[in-house]
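Peer 1: Sequence first, predicted model second:
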Amino acid sequence: MDVFHTADDLAGQCEAHVEKLRPFCEKYGKERATEPDRLYHELFTQTRSGSLGLLRDLQDLYLMASACDIAWTMVGQAAQGARDAELQGVVDPCEGQTATQIKWLRTRMKQAAPQALLVAS
């Protein structure tokens, strides 16, 4: 159950990140890309169960969080280039939260892997 509640909290952080970026989308314009939706649908195609299913879901979330992390890096570089201190002020804490999410996912995968992989063998 700890995974469910923590993942729910992390999802809330991600939703807050979207809201914090919304004014900048209006300021700089936005182009709707299909990659995030496609990535989500490719990773989460079915319900998984058991310890191996949990490990696979954590891996998929790790991939998504890593993609988000590099996106924060690129947005941060754009903020620096545009000399937009307000945007940089959003990027820095959000990037930090994403890094914490990645650390949690990595730790949780390390905890889940022995049981999942030994039982699956």
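Peer 2: Sure thing, it's come through.

Peer 1: check contacts around residue 10.
Peer 2: Taking Cβ atoms under 8 Å, 6 or more residues apart in numbering, we find residue 10 in contact with 101, 104. No exception for glycine: its C-beta is placed from N, CA and C like everyone else's.

Peer 1: Secondary structure element for it, which one?
Peer 2: Using DSSP states H and E, residue 10 falls within helix 2-28.

Peer 1: thinking residue 55 is in contact with residue 111, fair?
Peer 2: No - contact criterion Cβ atoms under 8 Å: residue 55 and residue 111 do not qualify, at 9.8 Å.

Peer 1: So between these two, which is more surrounded?
Peer 2: Applying other Cβ atoms under 10 Å to residue 55 and residue 111 shows that residue 55 carries more neighbours, namely 21 against 14.

Peer 1: Check the gap between the closest residue in space to residue 6 that isn't next to it in sequence and residue 85 for me.
Peer 2: Excluding its sequence neighbours, the residue lying closest to residue 6 (Cβ to Cβ, 6 or more residues apart in numbering) is residue 104, at 6.7 Å. With the distance defined as Cβ to Cβ, to the nearest Å, residue 104 ends up 29 Å from residue 85.

Peer 1: What's the biggest helix in this structure, counting residues?
Peer 2: For the chain, the helix with the greatest residue count under DSSP state H is helix 85-120.

Peer 1: Give me the mean pLDDT for it.
Peer 2: In this model, helix 85-120 has an average pLDDT of 92.

Peer 1: what do you get for stretch 5-19?
Peer 2: Across stretch 5-19, the per-residue pLDDT values average to 94.

Peer 1: buried ones in that stretch?
Peer 2: For stretch 5-19, burial by neighbour count (16 or more other Cβ atoms under 10 Å) applies to 7, 10, 17.

Peer 1: any idea how far the second one is from residue 105?
Peer 2: Counting by Cβ to Cβ, the gap from residue 10 to residue 105 is 9 Å.
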